[in-house]
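> after the sequence you'll find the predicted model.
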Amino acid sequence: MRILVTGGAGFIGSALVRRLIRHSDHEVLVFDKLTYAGVLSSLDPVSSSDRYRFIQADICDADAVARAFRDFAPEVVAHLAAESHVDRSIDGPGAFVQTNVVGTFVMLSQALAYWRGLDEAARSAFRFHHISTDEVFGSLGEDGFFTETTPYDPRSPYSASKAGSDHLVRAWGHTYGLPVLVTNCSNNYGPFHFPEKLIPLIIIRALNGEPLPVYGDGSNVRDWLFVDDHARALQAVFETGKPGETYNVGGNAERKNIEVVTAICSILDRLRPKAEGRYADQITYVTDRPGHDHRYAIDAAKIRADLGWTPSVTFEQGIEQTVAWYLENQSWWRDILDARYSTQRLGVAHG
Ligand code: NAD
Ligand code: DAU
């Protein structure tokens, strides 16, 4: 199949593209604006494949999107392009509304125009797969899980913009008959993760001998999924999922933030011991994120039952691999630190 992957130079998009080139016969067109979060070197491992192509363009640019549909004639759109960082959405929500809401609207409009021009068989085979987040469901207390029918209750500018995009996608399916799929996934981690997010930020700051910032009291809980397991879930959904359906994807690996940070410190103590003391000595509790959601946890029973997908690595295996990858691939993140973002605090609301 021909798969158009928006946001394919990002963390999850690049994992999906690496997987599709290595483990399928599909052709891939990456459509990516290369914002601060788009890192082309994440695609180096597969960029020499003749089944891989790249276009630098904005999903808000209707002409560029229309051209990509016309020239590549995709059978599947895997729509991952988004502004993805909650802290940045607190500092500058406008870009989130623009890319996540308006950009998704442009993608849907162009997909619909293209789809209407296909013959019957191609129309029924076509899929528009929208990749979204569990944050649209809001925040859980100590118990319970998000299911596909949990009511939406987004609470940050990021999650509100993703919720808006999810609603648009379902509306295009319901009203116009476009064959859409939506997945809502929990926190991903793994290689090529941009240094603004908790896990890479802690690994990098630990190695640089800097304070390790834990927001609030560190008791907030996230459900962690290794990124390659997410990529495998996405492929299963657009290949075999039922149009119109939503699938929740999660790691079944709830951890308090402080547990994640201490796990990273212990692995580093073993793999790269400090001359003096332990990495956990660098942990520093800092002012909480404004509106910080307390707990996310996914019930992934539906994708397990319907598509046979389950995570393949435990959190302990995945975090060990991830720390090792950051130790072995320092040039990837040091280039980012030098040119784009150097792990400073973001998202402290003013006024
Ligand atoms: P990321 O920030 O690492 O990558 C986003 C990519 O989109 C970048 O390559 C960027 O250049 C591109 N992009 C941004 N704006 C664009 C635009 N206007 N036009 C074209 N390209 C643009 O994000 P990620 O963590 O890989 O997340 C990918 C998707 O998965 C997002 O939709 C996000 O909401 C969703 N998601 C992420 C997680 C997570 O834990 N990271 C979990 C669930 C869902
Ligand atoms: O749940 C899925 C979401 O997970 C995705 O939709 C988002 O795109 C992705 O960024 C992620 O959002 P989070 O806000 O959960 O991820 P982040 O890595 O920013 O933070 C994880 C937790 O760690 C959160 O509770 C805030 C906390 N944190 C984060 C940073 C950057 C810290 O304690 N210290 C930090 O320095």
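Arrived safely. Ligands and ions are numbered 1, 2, ... in the order given.
> can you map out the helices along the stretch 101-250 of the chain?
Taking DSSP state H, counting those that start in this stretch as the test, the helices found in the stretch 101-250 of the chain are 103-116, 120-125, 157-176, 198-207, 227-240.
> residue numbers of the chain in contact with ligand 2?
84-87, 133-135, 186-187, 197-198, 201, 213-215, 220, 222, 257, 289, 296 (C-beta under 6 Å from any ligand atom). Just so you know, the C-beta spots here come from the backbone N, C-alpha and C atoms, and that holds for glycine as well.
> among those, which ones are in strands?
For the residues of the chain next to ligand 2, membership in strands holds for 133, 187, 213, 214, 215, 222, with DSSP state E as the criterion.
> of these, grab the buried ones for PyMOL.
Remark: buried members of those, expressed as a PyMOL selection using 16 or more other C-beta atoms under 10 Å:
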select buried, resi 133+187+213+214+215+222
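> now the ones in strands among the residues of the chain next to ligand 2 in JSON lines, with pLDDT?
Converted to JSON lines, these look like this (pLDDT from 0 to 100):
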{"residue": "133", "pLDDT": "98"}
{"residue": "187", "pLDDT": "98"}
{"residue": "213", "pLDDT": "98"}
{"residue": "214", "pLDDT": "98"}
{"residue": "215", "pLDDT": "98"}
{"residue": "222", "pLDDT": "98"}
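> what about ligand 1: which of the ones in strands among the residues of the chain next to ligand 2 touch it?
The subset of these lying close to ligand 1, counting by C-beta under 6 Å from any ligand atom, consists of 133, 187.
> before we move on, back to that, format the helices of the stretch 101-250 of the chain as TSV; extra columns: mean pLDDT and mean neighbour count.
As requested, the helices of the stretch 101-250 of the chain are exported to TSV (pLDDT from 0 to 100; neighbours: other C-beta atoms under 10 Å):
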stretch	mean pLDDT	mean neighbour count
helix 103-116	99	20
helix 120-125	98	10
helix 157-176	98	20
helix 198-207	98	22
helix 227-240	98	21
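> between those helices, which one is nearest to residue 28?
Relative to residue 28, the nearest member of the helices of the stretch 101-250 of the chain by C-beta to C-beta is helix 227-240, separated by 11.4 Å.
> now that closest one - C-alpha only, CSV.
Included here for helix 227-240 are C-alpha records, laid out as CSV according to Å, rounded to 0.1, in the frame of the first residue of the first chain:
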residue,chain,number,x,y,z
VAL,A,227,7.2,3.7,21.0
ASP,A,228,7.8,0.6,18.7
ASP,A,229,4.8,-1.1,20.3
HIS,A,230,2.7,2.0,19.4
ALA,A,231,4.0,1.9,15.8
ARG,A,232,3.0,-1.8,15.6
ALA,A,233,-0.5,-0.9,17.0
LEU,A,234,-0.9,1.8,14.4
GLN,A,235,0.0,-0.6,11.5
ALA,A,236,-2.5,-3.1,12.9
VAL,A,237,-5.2,-0.5,13.1
PHE,A,238,-4.9,0.9,9.6
GLU,A,239,-4.4,-2.5,8.0
THR,A,240,-7.2,-4.4,9.9
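> touching ligand 1 at all, that helix?
No: legend: contact between helix 227-240 and ligand 1 by C-beta under 6 Å from any ligand atom is lacking; minimum distance shown is 7.4 Å.
> what comes into contact with that helix?
With contact meaning C-beta atoms under 8 Å, 6 or more residues apart in numbering, helix 227-240 is reached by 3, 11-12, 15-16, 18-20, 24, 76, 78, 127, 129, 131, 181, 183, 185, 188-193, 247, 249, 251, 303, 307-309, 311-313.
> what does the stretch 51-200 of the chain have sitting close to ligand 1?
Near ligand 1, the residues belonging to the stretch 51-200 of the chain are 58-60, 80-84, 99, 103, 131-133, 162, 185, 187-188, 194 when assessed by C-beta under 6 Å from any ligand atom.
> same thing but 8 Å
57-61, 79-85, 95, 98-100, 103, 131-135, 158, 162, 183-189, 193-194, 197 (C-beta under 8 Å from any ligand atom).
> quick one on the thing from earlier: please pick the buried ones from the contacts of helix 227-240.
Using 16+ other C-beta under 10 Å as the burial test, the contacts of helix 227-240 include 3, 11-12, 15-16, 18-20, 76, 78, 127, 129, 131, 181, 183, 185, 188-193, 247, 249, 251, 303, 307, 309, 311, 313 as buried.
> excluding chain neighbours, what is closest to the residue in the stretch 101-250 of the chain that ligand 2 sits nearest to?
With C-beta to the nearest ligand atom, the shortest gap between the stretch 101-250 of the chain and ligand 2 falls at residue 133, namely 3.1 Å. Closest residue to residue 133 apart from its sequence neighbours, by C-beta to C-beta, 6 or more residues apart in numbering: residue 162 at 5.3 Å.
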